[in-house]
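Novice: Can you look at this prediction? I've put the sequence above it.
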Amino acid sequence: MHSEARAIEEIEKVISHYNREAIVEEFIDGKELTVGVLGNGNKILDLPVLEIDFSSCKNSGEYFYSWRMKEYQGNTEMGLTRPSIAPRG
């Protein structure tokens, strides 16, 4: 979104639709990194840092790991082919 007014309009739609508060974060252009953590309270295992490559999703308009990407990844009709995930060391 390129304007504050448009952002406020979308936030109000989300709040109205879901009837709850919304989290809004500033988009920071750059590499998308993720870290998995597994555990049961007694033992915790952190997994390696991964970089997510969205180059195969150009036609979808998704360039970050949004809820839409997480929910529909692998859907070729939506252009949300599973992003390549490569370990970073």
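Specialist: Looks like it came in fine. Worth saying up front: this structure is predicted, and the values here are computed from it rather than measured. Residues are numbered from 1 along each chain as shown.
Novice: So in the protein, which strand runs the longest?
Specialist: Counting residues, the longest strand found in the chain (DSSP state E) is strand 44-53.
Novice: just how off-centre is the very next helix or strand once past that strand within its chain?
Specialist: For strand 44-53, the following helix or strand on the C-terminal side (DSSP states H and E) is helix 67-72. Centroid displacement of helix 67-72 relative to its chain, using CA atoms, centre = their mean, to the nearest Å, is 7 Å.
Novice: and if you look at stretch 11-20?
Specialist: That offset, for stretch 11-20, works out to 19 Å (CA atoms, centre = their mean).
Novice: Now tell me what touches it from outside.
Specialist: With contacts defined as CB atoms under 8 Å, 6 or more residues apart in numbering, stretch 11-20 is touched by 21-22, 24. For every residue, glycine as well, the C-beta is placed using N, CA and C.
Novice: could you give the mean pLDDT of it?
Specialist: Stretch 11-20 shows a mean pLDDT of 92.
Novice: separation between the closest residue in space to residue 35 that isn't next to it in sequence and residue 79?
Specialist: Spatial nearest neighbour of residue 35, excluding adjacent residues (CB to CB, 6 or more residues apart in numbering): residue 49 at 5.3 Å. Distance of residue 49 to residue 79, given as CB to CB, to the nearest Å: 26 Å.
Novice: where does residue 17 land in three-state SS?
Specialist: helix (DSSP: H, G, I helix; E, B strand; the rest coil).
Novice: Please tell me how far the residue nearest to residue 35 sits from residue 24.
Specialist: Remark: distance between residue 49 and residue 24 (CB to CB) = 25 Å.
Novice: swap in residue 48?
Specialist: Distance, residue 48 to residue 24, using CB to CB: 30 Å.
Novice: Could you do residue 18 as well?
Specialist: Residue 18 is 14 Å from residue 24, by CB to CB.
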